[in-house]
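**Student:** Curious how this folds, go ahead:
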Amino acid sequence: MEMLQEREDQAGTLRSLSERFGPARKDVEPRQAARVLSVTSGKGGVGKTAVVSNVALALAQLGKKVLIIDADLGLANIDVVFGLAPQYNLNHFFSGERSLVEIMVEGPAGIKILPAGSGMQTVTRLSSDQKMRFLDELDALHGDFEIVIIDTEAGISENVTYFNVAAQDILVVTTPEPTAITDAYALMKLLSVQYHEKRFNLIVNSVTSSDEALDVYRKLTMVSNRYLDISIDYLGCIPHDKRMRESVRRQRVMVDLFPKTKVSGAFEDIARNLVNGQQQAAPKGSLQFFWRRLLSFGQGA
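**Tutor:** A predicted model of the protein is given here:
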């Protein structure tokens, strides 16, 4: 009961911050505010990081300025997918050794990546000084990016819920496997019941056909309509392709390595759907607002 009350208090604090904080820089035109997307999954092994990396590259190829933040603090690997070997990571920033600009690395098509340090603890347990320094340096980056993609951990850990609740849009990745569908529903249920999230976007990976993906979407919407007060938007599906393994082995994403394949086309369609749907979305706030919401967790109400 105490744990449930604590979570409710945290959610209440987060909602109140929505009224207390506006965008941190009111002198900047709204079109320059970065849109923050969390890409998440109820379980591992569904290709979440592949979705992050390929959609990010597709967005960059559409002319968007993209930043990826690796929020898998225990098993950071977004840099590996791009064949990068960053010298520094968020551990070096929070220890005071390096600035955010110094740890940021550049991937293909100008994508910027903020690498996590393997074994990092939850960001909510940082000291006040660390949090303030983080926010100050993020403020300096305002306007540099149009889309920020958060690659969360798999599952329903503390870090996962924090990043998802703070983001503007939640993209849930699943596969047609029954366990993956069940875990995706469990994640949406947790975020809905305990943190009052109402809007989700669905990407179905590793499908044999679009009909199979739509069947997954129908199953999830049917059960959510019956038991939860949420809406799920279908963003698209990714066909199964054995070349995905070769892409991982060669440390180049599919959109770059095999640009003419159906898989790459599917990632590009999802990127276009995100861009086209941007104006319809009701944003929660700017990039700075995202971090203020995130770092407010773990503090007293």
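**Student:** who's in contact with residue 268?
**Tutor:** Contacts for residue 268 (Cβ atoms under 8 Å, 6 or more residues apart in numbering) come out as 58, 61, 255. From N, CA and C alone the C-beta is placed, and that goes for glycine too.
**Student:** Spit out the contact partners of the last one.
**Tutor:** In this structure, residue 255 makes contact with 54, 57-58, 61, 264, 267-268, judged by Cβ under 8 Å, 6+ apart.
**Student:** Same question for residue 259.
**Tutor:** Not one residue lies near residue 259 by Cβ under 8 Å, 6+ apart.
**Student:** Look up how far residue 163 lies from it.
**Tutor:** For residue 259, the distance to residue 163 equals 30 Å [Cβ to Cβ, to the nearest Å].
**Student:** Format the contacts of residue 268 as a markdown table; extra columns: secondary structure, distance to residue 144 and pLDDT.
**Tutor:** As requested, the contacts of residue 268 are exported to a markdown table (DSSP: H, G, I helix; E, B strand; the rest coil; distance: Cβ to Cβ, whole Å; pLDDT from 0 to 100):
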| residue | secondary structure | distance to residue 144 | pLDDT |
| --- | --- | --- | --- |
| 58 | helix | 20 | 98 |
| 61 | helix | 18 | 97 |
| 255 | helix | 23 | 96 |
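**Student:** Helices along the chain, start to end?
**Tutor:** Assigned by DSSP state H, the chain shows helices spanning 2-20, 48-61, 78-81, 90-94, 100-103, 128-140, 158-166, 178-195, 210-227, 243-249, 254-257, 262-276, 287-296.
**Student:** so how far is the third one from its chain's centroid?
**Tutor:** So that's helix 78-81. Centre-to-centre, helix 78-81 and its host chain are 15 Å apart (Cα atoms, centre = their mean, to the nearest Å).
**Student:** model confidence over that helix, on average?
**Tutor:** Averaging pLDDT along helix 78-81 gives 85.
**Student:** Now do that helix: which elements does it pack against?
**Tutor:** If you count contacts as 3 or more Cβ pairs under 8 Å, 6 or more residues apart in numbering; DSSP states H and E, helix 78-81 packs onto helix 48-61, strand 66-71.
**Student:** Any idea which of those gets closest to residue 231?
**Tutor:** Closest approach to residue 231 among these is made by helix 48-61 (20.6 Å; Cβ to Cβ).
**Student:** Other residues contacting the closest one?
**Tutor:** Residues contacting helix 48-61 (Cβ under 8 Å, 6+ apart): 39-41, 66, 68, 72, 77-78, 81-82, 107-111, 147, 149, 151-152, 154, 171, 173, 203, 205, 238, 244, 247-248, 253-256, 264, 267-268, 270-272, 274-275.
**Student:** and that helix, which residues are buried?
**Tutor:** 48-61 (16 or more other Cβ atoms under 10 Å).
**Student:** Tell me what angle that helix forms with helix 262-276.
**Tutor:** If you take axes from the mean of the first three to the mean of the last three Cα atoms, to 10 degrees, helix 48-61 sits at 70 degrees to helix 262-276.
**Student:** Put the alpha carbons of helix 48-61 into PDB.
**Tutor:** Only the C-alpha atoms of helix 48-61 are listed here, as PDB (Å, rounded to 0.1, in the frame of the first residue of the first chain):
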ATOM      1  CA  LYS A  48      13.200  -1.900 -30.000                       C
ATOM      2  CA  THR A  49      16.700  -0.600 -30.500                       C
ATOM      3  CA  ALA A  50      16.600  -1.500 -34.200                       C
ATOM      4  CA  VAL A  51      13.400   0.600 -34.500                       C
ATOM      5  CA  VAL A  52      15.100   3.500 -32.700                       C
ATOM      6  CA  SER A  53      18.200   3.500 -34.900                       C
ATOM      7  CA  ASN A  54      16.400   2.900 -38.300                       C
ATOM      8  CA  VAL A  55      13.600   5.400 -37.700                       C
ATOM      9  CA  ALA A  56      16.100   8.000 -36.500                       C
ATOM     10  CA  LEU A  57      18.100   7.600 -39.700                       C
ATOM     11  CA  ALA A  58      14.900   7.800 -41.800                       C
ATOM     12  CA  LEU A  59      13.900  11.000 -40.000                       C
ATOM     13  CA  ALA A  60      17.400  12.500 -40.600                       C
ATOM     14  CA  GLN A  61      17.100  11.600 -44.300                       C
END
